[in-house]
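Visitor: Need the 3D shape of this:
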Amino acid sequence: MSIVSVEELLEGADDEAATLVALQRFTIQGLHLAQARRCALLQRRAANRTGENDAWLLATAESIDADVVGADRAAFERIGPRYLRFR
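Guide: You can find the predicted model right below:
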């Protein structure tokens, strides 16, 4: 799970302590030089820049050959084929 997703979950959490407990089952992927370079490349090549969080999520997913999973109906247009809709 991307650290960006962790932040988004904590931001919206009604119970931060319970959310932190639930997050313990996941491996948290940090943001490092590899993700920063990938994110910069994605943004530089994009005809329309992606929002910062989406760009970081995609860069993280690409750096570990993973997918982005979420419930945002419009995310596929922003993130592309690595986005898997959960709901």
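Visitor: Regarding the residue positioned nearest the centre of the chain, what is its secondary structure?
Guide: Of all residues in the chain, the one closest to the mean position by CA atoms, centre = their mean is Leu57, 2.6 Å from it. Of the three states, Leu57 takes helix according to DSSP: H, G, I helix; E, B strand; the rest coil.
Visitor: likewise Leu84?
Guide: Applying three-state DSSP: Leu84 is strand.
Visitor: Surely Ala55 and Leu41 touch.
Guide: No: Ala55 is beyond contact range of Leu41, at 10.0 Å (criterion: CB atoms under 8 Å). Quick note: C-beta positions are derived from backbone N, CA and C, even for glycine.
Visitor: Let me see the residues that make contact with the least confident helix or strand in the chain by mean pLDDT.
Guide: In the chain, the helix or strand scored least confidently by mean pLDDT, DSSP states H and E is helix 75-79, which has a mean of 72. Residues outside helix 75-79 that contact it (CB atoms under 8 Å, 6 or more residues apart in numbering): Thr50, Gly51, Asp54, Leu57, Leu58, Val68, Tyr83, Arg85.
Visitor: and with 6 Å instead?
Guide: Thr50, Asp54, Leu58, Val68, Tyr83 (CB atoms under 6 Å, 6 or more residues apart in numbering).
Visitor: Done for today, thanks.
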